[in-house]
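Asker: got a predicted structure plus its sequence, pasted below:
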Amino acid sequence: MRTFQIITAAAPALFLASTLHAADFVVKPGSPNQVVFTSKATTESFQGKTDKVQGRIVLDPARVADSVLVHIEVDLASLDTGIGKRDQTMRDDYLQTKKYPRAVFDGATVRAGNGTPLTPDPPSKFEVEGNFTLHGVTRRLRAQVDLFQKDARTIQFQAAFHVTLSDYNITRPKFLFLKLGEVQEVAVTGTATLAQ
């Protein structure tokens, strides 16, 4: 139920022109990158997961709050809740993944967080805001993000936010094998490596 993308076609060039020390990091599909949504309904809770996450993060590790730009995409058709029938119904009837195959986060504006350089520990904590597109609807979304610099070529990130189904014109399923809460909790973890 959640998936995101980040960045617009013209934005990277404009951004890099104004932040000469920013570096371009790439997020590739597969482990350890993962999106997990948690649905909590009255009688049932479950999770859906996918590692089909990709995108770019452009930032200056020395001044993150002044220089971050993100584009993250999630392949919604790959979400797996552990029950095949539930997955198929979720994709076909609610997410409509043939028409809307991806969730995308594009941004981001740093709303809160310090400007200190990234370090392995402790993580730098930020609140970021960007455009989140799901099911053909784009809305502004804020997420809590932890960033770590593993080494000179690698950054790691964790993000958390909530998605309200009705905000994205997604009907809340109410039948026996697919019970969803109105609000989905989303967690994103990943690793981005310096572009070649």
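Answerer: Thanks, I have the structure now. Worth saying up front: this structure is predicted, and the values here are computed from it rather than measured.

Asker: where does the protein dip in pLDDT?
Answerer: For the chain, residues meeting the criterion pLDDT under 70 lie at 1-20, 66-67, 112-116, 173-179.

Asker: strands paired with the lengthiest strand in it, and their directions?
Answerer: Across the chain, the strand with the greatest residue count (assigned by DSSP state E) is strand 137-151. Strand pairing for strand 137-151, determined by DSSP bridges: strand 124-134 (antiparallel), strand 154-164 (antiparallel).

Asker: strands of the protein, residue ranges please.
Answerer: According to DSSP E, the strands that the chain contains are 23-27, 34-40, 45-50, 53-59, 69-75, 102-113, 124-134, 137-151, 154-164, 174-175, 178-179, 183-194.

Asker: out of the ones you listed, which is closest to M90?
Answerer: Evaluated over the strands of the chain, closeness to M90 peaks at strand 178-179, with 6.3 Å, by CB to CB. Placement of C-beta: from N, CA and C, glycine included.

Asker: circling back to that earlier point, give me whichever of the strands of the chain is most buried.
Answerer: strand 69-75 (a mean of 25; mean count of other CB atoms under 10 Å).

Asker: between strand 23-27 and that one, find me the angle.
Answerer: 10 degrees (axes from the mean of the first three to the mean of the last three CA atoms, to 10 degrees).

Asker: so what strands line up beside strand 69-75?
Answerer: Partners of strand 69-75 in the sheet, by DSSP bridges, are strand 53-59 (antiparallel), strand 102-113 (antiparallel).

Asker: now render these as JSON lines, adding distance to L79.
Answerer: Output for the strands paired with strand 69-75, formatted as JSON lines (distance: least, CB to CB, whole Å):
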{"stretch": "strand 53-59", "distance to L79": "11"}
{"stretch": "strand 102-113", "distance to L79": "10"}
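
Asker: what's the closest of the ones you listed to A159?
Answerer: strand 102-113 (8.5 Å).

Asker: mind checking how far the closest one is from the chain centre?
Answerer: Relative to the centre of its chain, strand 102-113 is centred 8 Å away, using CA atoms, centre = their mean, to the nearest Å.

Asker: please work out the angle formed by the directions of it and strand 34-40.
Answerer: 90 degrees.
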